[in-house]
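Asks: Mind folding the following:
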Amino acid sequence: MDLLEYKIEVIRSDRRRKTISARIKQNTMFVYVPEVISDTELNKAIDSFTRKFQKRRLKRELDETHDLKVIAKQLNSDYFNGSLYIESIEYAVNQDKIFGSCNYRTKRIRLSHRLAKMPHWVRDYVVIHEIAHLIEPNHSKAFWNIVYRYKLAERAIGYLIAQGFNLEEEQNGIENDNQEKNS
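Replies: Numbering: from 1, shown residues only. Predicted coordinates for the structure are as follows:
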């Protein structure tokens, strides 16, 4: 059920001074607010909670339908001989400007939820890109040599660029790689 279809019940309390909270129970979003809240503030809070609950639901659905651990394990096996350890890999619903992030110290990888709507080979490219950071935590020539082991790397980068995403980092990597190939 879409959160826009949820019934919203506002519960005002004279004991609340500043805090606003919300929870969903069955098909109702209960919003707890101070007695003296303005309609403008109340509407902002409801919109904020609606977005928050939608993102939470989207993450849960993505985690249930896309087993990123299996995907990462297969790519690790195919491209790194299974030699790399990944502590966790999951979708993130708050990564709107980047497609992935990797903390090479904790071995945790996060992927933007936007990748779930793209072809699997684009998602796989981003996973390979982030896994490569476990070996090279920068965007050096050695890093790009690792990433380009993935046979669809340039195609995936092209796809993302064609979709209108600003991939300055990737474009620079391609240009540097092509310059060195042509030298």
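
Asks: Point to the residue nearest the middle of the protein.
Replies: Geometric centre of the chain, nearest residue: Ser112, 1.9 Å, by CA atoms, centre = their mean.

Asks: Not counting residues beside it along the chain, what's closest to that residue?
Replies: Distances taken as CB to CB, 6 or more residues apart in numbering place Gln95 nearest to Ser112, at 4.1 Å, with adjacent residues excluded. C-beta here means a position set from N, CA and C on the backbone, and glycine is covered the same way.

Asks: Give me the pLDDT value at that neighbour.
Replies: Reported pLDDT at Gln95 in the predicted model: 80.

Asks: Can you give me every residue that contacts it?
Replies: Counting by CB atoms under 8 Å, 6 or more residues apart in numbering, Gln95 makes contact with Ser101, Arg110, Leu111, Ser112, His113.

Asks: show me where pLDDT drops low in this protein?
Replies: 1-4, 166-183 (pLDDT under 70).

Asks: in it, which spans are strands?
Replies: For the chain, applying DSSP state E gives strands covering 7-13, 21-25, 28-34, 88-92, 100-103, 108-112.

Asks: Can I get the fourth one in CSV? Just the C-alpha atoms.
Replies: This means strand 88-92. Extracted C-alpha coordinates of strand 88-92, given in CSV (Å, rounded to 0.1, in the frame of the first residue of the first chain):
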residue,chain,number,x,y,z
SER,A,88,28.0,-5.7,4.2
ILE,A,89,26.4,-4.5,1.0
GLU,A,90,23.0,-2.8,1.0
TYR,A,91,20.8,-0.3,-0.8
ALA,A,92,20.7,3.2,0.6
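
Asks: can you give me how far that strand is from the chain middle?
Replies: Chain-centre distance of strand 88-92: 7 Å, with CA atoms, centre = their mean, to the nearest Å.
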